[in-house]
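J.: Provide a 3D model corresponding to the input given below.
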Amino acid sequence: MPARVLVVDDTPLNVKLLVARLAAEYFEPIVATGGLQALEMAAKQHPDIVLLDIMMPDIDDFEVCRRLRADPATAEIPIVMVTALSDPADRRRGLECGADDFLTKPIDDVALFARVRSLVRLKTLTDELRLRAKTGAELGVGEGAAVDTGPGRVLAVVDDPIARRRLVEALASNQRLSVESDAARAVEWAKSGAFDLAVVDLALGSSDGLRVCSALRAAAETRSLPILAIGDADARERVVRALEFGVADYVLRPLDPSEIIGRVRTQIRRKRYQEGLRASYGRAVEMAVTDSLTGLFNRRYLVTHLDKAIARAIGAGRPVAVAMCDIDRFKAINDRHGHQAGDRVLTEFARRLGMGIRGVDLAARYGGEEFVVVLPDTDLGGAMIVAERLRKAMAETPFALESGETVAVTASFGITISRPDDSGAALIARADKALYAAKAAGRDRIEAD
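T.: Numbers count the residues shown, from 1 in each chain. Just a heads-up that it's a prediction; the model follows:
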C-alpha cells in the first residue's frame with residue numbers, strides 16, 4: 001500500500017503542486033491547512049510522514065513539531081520541515097524541536113522522494129518493532145528497557161582536514177568520537193560492533209564514500225548501523241544515491257557544528273530506541289511465544305498480534321492480509337519416513353516460509369502442519385503474489401531428510417484480507433475456508449475468500 005504523507009501548508013498553489021507530485025510517485029497525500037488541524041489529523045489518520053511548512057497562520061511549525069513529539073500517538077512519525085529560509089539557526093531550532101529533516105523551497109523532486117522513502121522505511125521498521133513489543137508486553141512475556149542516554153560511539157570516516165576539525169569541535173565533548181581516514185580499515189573497524197553511528201564523507205579523497213556506505217550496508221555486522229553522510233551542496237545527486245543505499249541522514253557543507261550535534265544525537269537516540277524494542281521483542285520470543293520445533297511464533301502469539309495488526313490497519317484505512325497454508329499429505333510423510341523425518345520437514349518448511357516474506361510480515365505455526373502468515377499493508381493481489389512465491393519455494397526443491405533421502409513437498413494456501421468490522425478470529429476463519437477450498441480443488445494451489 002502507498003505511504004500516507006500529511007502535507008501541512010496554507011498556500012493552495014503549493015498544496016496543489018506538492019499533492020500532484022506525491023500522487024504521481026504513488027504516495028497517498030492528505031492535507032492540513034493549519035497547525036492545529038495537522039495535529040488532529042496526525043493523531044487520527046496515522047500518516048507515515050509529515051511535510052510541514054514553516055510559515056503557518058495559527059501556530060508555527062516549531063510548535064507543531066514539539067506537540068507531535070510530545071504526543072505518544074505521533075511521537076515516532078518522521079517530520080520534514082519545508083522552508084524558504086536557509087538560516088542555520090532555523091535548522092538548529094527545528095532539530096531541537098524534533099524535526100528529522102529540512103527541504104528548502106523550491107523543492108527538488110529527486111531529493112524530496114529519496115528523503116521521504118528513506119524516512120518511511122525507517123518508520124515501517126519502528127512501527128513493527130513497537131507492535132511486536134506491545135504484543136509481548138500484553139502477553140506478560142516482555143518488559144520495556146530504558147533507553148541509554150549517555151554518550152554514543154561515533155566512527156567518522158573522513159580525510160578532509162576541515163571536516164575532521166568540524167566533527168571534533170562538534171562531537172568531542174558530547175560523544176565518543178573515533179576518526180579513520182582509510183576506508184577499508186574503517187569498514188573493518190565498524191564490523192567490530194563497537195559503534196552507534198558511522199559518519200561518512202562522500203567526498204573521500206582516497207576512496208569513494210558511496211562505496212563505503214554500500215560496504216557497511218552489505219556486511220551483516222553493520223547492516224543496522226546508522227550512517228550519517230557528509231555531502232556537498234553542488235553534488236546532491238551523490239546524497240540521493242546515498243539515501244537509496246540506506247544512509248539514514250546527511251549534512252551538507254559548509255558544516256555547522258550545531259546541526260551535526262543535533263543530527264548525530266537523533267540517529268543515536270533512534271538506534272538505541274530500536275535496539276530496546278528488539279531486546280523487548282527478543283525477551284518475548286524467549287519466554288514461550290515461539291513454537292519450540294520450528295522457531296516460528298506460536299498460535300498464542302499469533303492471535304494476540306493479529307488483533308493488534310487489524311486494529312492498526314483499520315485505524316490507518318489500510319488492509320492486512322492473512323495467508324493460511326497446510327502441508328499436503330503430511331500424514332503420508334510421517335507414515336512412510338517416520339515422525340523424526342516429519343519434524344525435519346516441518347522445520348525446513350518453516351525456514352522457507354520465513355525466507356519468503358518481508359521483515360514486517362509475521363509467520364506462525366498454527367498447529368500440526370498448518371501455518372499462518374500475516375501481511376500488513378497488503379491487498380488481495382499482493383497476498384496472491386506472496387502466496388505463489390511461497391508455494392513455489394516448497395514445491396520446486398525437494399526436502400532433504402537426515403537419512404539422505406529427499407521428499408517432494410507441496411502446500412495449499414488460503415488467503416483473505418481484512419474488512420472494516422473484522423476480528424482476528426474472523427480473518428483466520430475465512431483464510432481457513434479458502435484453504436479448505438484449495439485442498440478440495442486438488443492441493444498445491446491457492447484460493448482466496
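
J.: quick one: stretch 389-405 to chain centroid distance?
T.: 30 Å (CA atoms, centre = their mean, to the nearest Å).

J.: stretch 109-123 now?
T.: Chain-centre distance of stretch 109-123: 12 Å, with CA atoms, centre = their mean.

J.: need the residues that contact that stretch.
T.: Stretch 109-123 has contacts (CB atoms under 8 Å, 6 or more residues apart in numbering) with 3, 5, 21, 25, 27, 48-49, 51, 76-78, 80, 100-101, 103, 236-237, 239-240, 243-244, 246-248, 270. Glycine gets a C-beta too; all of them are placed from N, C-alpha and C.

J.: at 7 Å instead, please
T.: By CB atoms under 7 Å, 6 or more residues apart in numbering, the list of residues contacting stretch 109-123 from outside reads 3, 5, 21, 25, 48-49, 76-78, 80, 100-101, 103, 236, 240, 243-244.

J.: which positions in it come out as buried?
T.: Of all the residues in stretch 109-123, those buried under the rule 16 or more other CB atoms under 10 Å are 111-123.

J.: now the residues you listed as TSV including pLDDT, distance to residue 256 and secondary structure?
T.: Shown next, in TSV, are the buried residues of stretch 109-123 (pLDDT from 0 to 100; distance: CB to CB, whole Å; DSSP: H, G, I helix; E, B strand; the rest coil):
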residue	pLDDT	distance to residue 256	secondary structure
111	74	19	helix
112	84	22	helix
113	84	25	helix
114	78	22	helix
115	77	19	helix
116	86	23	helix
117	84	25	helix
118	77	21	helix
119	83	21	helix
120	85	26	helix
121	79	26	helix
122	76	23	helix
123	82	26	helix
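
J.: the stretch 1-150 of the chain: strands as residue ranges?
T.: Assigned by DSSP state E, counting those that start in this stretch, the strands in the stretch 1-150 of the chain fall at 4-8, 28-32, 49-53, 79-83, 101-104.

J.: of those, flag the one that's most buried.
T.: strand 49-53 (a mean of 26; mean count of other CB atoms under 10 Å).

J.: next, residue 371: phi, psi?
T.: Phi and psi for residue 371, reported as degrees, to the nearest 10, are phi -130, psi 160.

J.: quickly list what it is bridged to.
T.: Note on residue 371: beta-bridge partners by DSSP bridges are residue 325, residue 365.

J.: what's the answer for the one 4 residues further on, then?
T.: Beta-bridge partners of residue 375, counted by DSSP bridges, are residue 321.

J.: state the pLDDT value of it.
T.: Here the pLDDT value assigned to residue 375 is 96.

J.: any idea which of the buried residues of stretch 109-123 is closest to residue 330?
T.: Nearest to residue 330 among the buried residues of stretch 109-123: residue 121, at 37.7 Å, using CB to CB.

J.: roughly how far apart are that closest one and residue 129?
T.: Taking CB to CB, to the nearest Å as the criterion, residue 121 is separated from residue 129 by 13 Å.

J.: now do residue 72
T.: 15 Å.

J.: likewise residue 81?
T.: Where residue 129 is concerned, residue 81 sits at a distance of 26 Å (CB to CB).

J.: buried residues of stretch 390-404, list them for me.
T.: 390-391, 393-394, 399, 401.

J.: now render these as JSON lines, adding distance to residue 191 and secondary structure.
T.: Converted to JSON lines, the buried residues of stretch 390-404 look like this (distance: CB to CB, whole Å; DSSP: H, G, I helix; E, B strand; the rest coil):
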{"residue": "390", "distance to residue 191": "33", "secondary structure": "helix"}
{"residue": "391", "distance to residue 191": "37", "secondary structure": "helix"}
{"residue": "393", "distance to residue 191": "31", "secondary structure": "helix"}
{"residue": "394", "distance to residue 191": "35", "secondary structure": "helix"}
{"residue": "399", "distance to residue 191": "35", "secondary structure": "strand"}
{"residue": "401", "distance to residue 191": "37", "secondary structure": "coil"}
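
J.: how about these in JSON lines, adding pLDDT and distance to residue 187?
T.: Below are those laid out as JSON lines (pLDDT from 0 to 100; distance: CB to CB, whole Å):
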{"residue": "390", "pLDDT": "97", "distance to residue 187": "35"}
{"residue": "391", "pLDDT": "97", "distance to residue 187": "39"}
{"residue": "393", "pLDDT": "96", "distance to residue 187": "33"}
{"residue": "394", "pLDDT": "97", "distance to residue 187": "38"}
{"residue": "399", "pLDDT": "96", "distance to residue 187": "38"}
{"residue": "401", "pLDDT": "93", "distance to residue 187": "41"}
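
J.: which of those lies closest to residue 180?
T.: Distances from residue 180 to the buried residues of stretch 390-404, taken by CB to CB, are shortest for residue 393, at 41.6 Å.

J.: who touches stretch 379-398?
T.: With CB under 7 Å, 6+ apart as the criterion, stretch 379-398 contacts 1, 319, 321, 323, 325, 349, 352-353, 356-357, 375, 406-411, 413, 415, 417, 444, 446, 448.

J.: quick one: buried ones out of the contacts of stretch 109-123?
T.: In these, burial by neighbour count holds for 3, 5, 48-49, 77-78, 80, 100-101, 103, 236, 240, 243, counting by 16+ other CB under 10 Å.

J.: that older thread, and the buried residues of stretch 390-404 as TSV, adding distance to residue 252?
T.: Conversion of the buried residues of stretch 390-404 to TSV gives the following (distance: CB to CB, whole Å):
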residue	distance to residue 252
390	44
391	48
393	44
394	49
399	53
401	58
